[in-house]
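In: This is a predicted model, with the sequence first.
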Amino acid sequence: MPTYALHETLEVHEMATFKTVCLTKSKLMQPLVSDPALQEILRQDVQTGTRQLQELGDLLAKAMH
Amino acid sequence: MNGDYLDPINAMNMPEMADMTFAMDFLVRAKEGVRNMAIALTETASPEARAVLRSQLRQGIALHQEISDLMIRKKWFHPYELSEQYKLDQQSAQNTVMLGRMQLFPGDTSRKGMFDRTPDVHKEETNA
Amino acid sequence: MTAFPSLAPHESLELHEALNFKTLCLAKSKLMQGLVFDQELKALMQKDVEQSAQAIAELQTVYAKAPFQAPVPPNRPTPIVGEGGSV
Amino acid sequence: MLNTILEHLTGMDQMTDQVIAMDFLVNAKSGVRNYAMAVTECATPEVKAVLEKQLEEAIDTHERISAYMIDRGWYHPHLVNEQIRLDLQNIETAVGLPS
């Protein structure tokens, strides 16, 4: 039996793609923002986004074999 | 299964197949519920509405989990063995299409004479 | 953020959808219980009936704050079948 | 000359913040919906646990950004006319941008 079901692996892949775009965008946008409150929201998003992507990456790595 | 609804052969495994269909309907409903709640949550501004929808989203996820666990345990749902799932999908589709072709109900099901008047209207008519 | 006495339009419509969805779920889970053979499945459906009833009560409390809320009459105001009682 | 450039730049700054916040809100919304979809396709508890937690975080993020935008007057869920006025203004700005 494979580690994960095919459907869930594909969903994790979709989420990883989505989150990668989000993280990249948040990082690129950060220097363009002038409002400190918005800057703080973006900073937090970069932080959680990075951790979330690592978690998704771990799952994907296990789904490979 | 054949097209004759009076043939006892059709009763073979019927309870199991019926339950599988009902469980699948239940699972689809639970899934839809989770998605609907998530969408509703992203359109919500009031904290009170958010709290209600959020707790119902959690409850929906838990219910979805319970149903899919039950279905996996009963072998009605095979997320890991896709060819098993394929067989089930095709079978239930075939059976249900067969069921769709059967003449199960009388031609006229309106039963209107039993319900169309409120007691008051009926009384007025008899008085007149 | 200023406090508003009623809900926003979009969230009210989402509540309308959620309430109708839950109502249908309750009806279906209740009716289906009479048809299923498997007792575990039946028990799970009964659990859904109870949870849905609770969920409906919660949604109703919030939905009462919709900007288009109105007093609810005890019965459906118009005849259900036919015009004025005729078939 | 320098003044108009500065004005333009500062004006654009405001505009950039708003566009970034709007983009972020749209993303946060998609995030919640995508995670809800993904969670309902999960069978393995380990995968589901991760996605469920990230769904909760996505909901928090959405709450934060929508509260921020309401606070700044860039998002008016209660006042439809106000929101439409803002939308029309944004459409004009976006269409008017030199390409």
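Out: Here it is on my side, so go on.
In: check which helix or strand covers residue B:70.
Out: Following DSSP states H and E, the helix or strand that holds residue B:70 is helix B:47-73.
In: Just the buried positions in the following helix or strand past that helix, please.
Out: The C-terminal neighbour of helix B:47-73 among helices and strands, as given by DSSP H and E, is helix B:82-101. Residues of helix B:82-101 classed as buried by neighbour count (16 or more other CB atoms under 10 Å in any protein chain shown): B:85, B:88, B:95. C-beta coordinates here come from the backbone N, C-alpha and C atoms, glycine included.
In: same for helix B:82-101, what does it pack against?
Out: For helix B:82-101, the packing partners by 3 or more CB pairs under 8 Å, 6 or more residues apart in numbering or on different chains; DSSP states H and E come out as helix B:14-41.
In: mind running it again at 10 Å?
Out: Under the contact definition 3 or more CB pairs under 10 Å, 6 or more residues apart in numbering or on different chains; DSSP states H and E, helix B:82-101 sits against helix A:6-29, helix B:14-41.
In: and the residue positioned nearest the centre of chain B, what pLDDT?
Out: Centroid-nearest residue in chain B: residue B:25, 3.9 Å away (criterion: CA atoms, centre = their mean). Per-residue confidence (pLDDT) for residue B:25: 96.
In: For the residue in chain A positioned nearest to chain B, which residues are in contact?
Out: Nearest residue of chain A to chain B (CB to the nearest CB) works out as residue A:5 at 3.9 Å. Counting by CB atoms under 10 Å, 6 or more residues apart in numbering or on different chains, residue A:5 makes contact with A:11, A:63, B:78-82, B:85, D:41-44, D:47.
In: where in chain D is pLDDT low?
Out: Counting by pLDDT under 70, chain D has low-confidence residues at D:1-15.
In: tell me which element the spatially closest residue to residue A:13 that is not a sequence neighbour is part of?
Out: For residue A:13, ignoring the flanking residues on the chain, the nearest one in space by CB to CB, 6 or more residues apart in numbering or on different chains is residue A:60 at 6.7 Å. Element membership of residue A:60, judged by DSSP H and E, is helix A:36-64.
In: picking up where we left off before, need the buried ones from the contacts of residue A:5 selected in ChimeraX.
Out: Buried members of these, defined by 16+ other CB under 10 Å, are picked up in ChimeraX with:
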select /A:11,63 /B:78,79,80,85 /D:41,42,43,44,47
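In: if I pick the nearest residue to residue B:65 once chain neighbours are set aside, what's in contact with it?
Out: Ranked by CB to CB, 6+ apart and with sequence neighbours excluded, the top spatial neighbour of residue B:65 is residue D:48, at 7.2 Å. By CB under 10 Å, 6+ apart, the residues touching residue D:48 are A:8, B:61, B:64, B:65, B:68, D:38, D:39, D:40, D:41, D:42.
In: neighbour-wise, which of those residues leads?
Out: residue D:39 (28 neighbours; other CB atoms under 10 Å in any protein chain shown).
In: That residue touches residue B:30, doesn't it?
Out: No - contact criterion CB atoms under 10 Å: residue D:39 and residue B:30 do not qualify, at 11.3 Å.
In: between the two, what contacts are shared?
Out: With CB under 10 Å, 6+ apart as the test, residue D:39 and residue B:30 both reach B:60, B:61, B:64, B:65.
In: ok, now how distant is the third one from residue A:53?
Out: Taken as CB to CB, to the nearest Å, the spacing of residue B:64 relative to residue A:53 amounts to 25 Å.
In: Please consider this matter closed, and thank you.
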